[in-house]
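**Q** My questions concern the predicted model and sequence given below.
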Amino acid sequence: MNNLQYIPLVLLAIVAVAFGLSFIRFMLGPSRADRVIALDTLTIVAIGAALTTGVWTRSVFLLDIGLLLALLAFVSTVAFAYYQERRNDR
């Protein structure tokens, strides 16, 4: 194994640490907004894991999953913002 083959493993290790820290924030978040931000961070980390794995294995399917996760994260953030806005109007 040459040095370039270790790069995806290092990236996946960093992604795993980021996922763990974001999950802790998601579980301990004192407010709903903190939990939504942590969930967005978890989604971004999952996108990073999918893209890193997709590039490492040369799989186009995982790149499509990353795109799908990005769209899902955007829609969920917009839905939460709409919920917060409607809640504040009452």
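**A** Nice, thanks for sending it over.

**Q** Scan the protein for its longest helix.
**A** helix 60-89 (DSSP state H).

**Q** What number of residues are in the vicinity of Ala46?
**A** The number of residues packed around Ala46, counting by other C-beta atoms under 10 Å, is 19. (C-beta placed from N, C-alpha, C; glycine too.)

**Q** ok, back up a step: list the helices and strands the longest helix of the chain packs on?
**A** In this structure, helix 60-89 makes packing contacts with helix 32-57, judged by 3 or more C-beta pairs under 8 Å, 6 or more residues apart in numbering; DSSP states H and E.

**Q** May I see the buried residues of the helix it packs on?
**A** Residues 35-54 are the ones in helix 32-57 that count as buried (16 or more other C-beta atoms under 10 Å).

**Q** Now the longest helix of the chain: buried residues?
**A** Buried positions in helix 60-89, judged by neighbour count with 16+ other C-beta under 10 Å: 62, 65-66, 69-70, 73, 80.

**Q** any low-confidence regions in the chain?
**A** For the chain, applying pLDDT under 70 flags the ranges 1, 90.

**Q** at 80 instead, please
**A** Per-residue confidence of the chain (counting by pLDDT under 80) places the weak regions at 1-4, 88-90.

**Q** any idea how far the helix or strand containing Val10 is from the chain center?
**A** When secondary structure is defined using DSSP states H and E, the element that contains Val10 is helix 7-28. In terms of C-alpha atoms, centre = their mean, to the nearest Å, the centre of helix 7-28 is set 10 Å apart from its chain centre.
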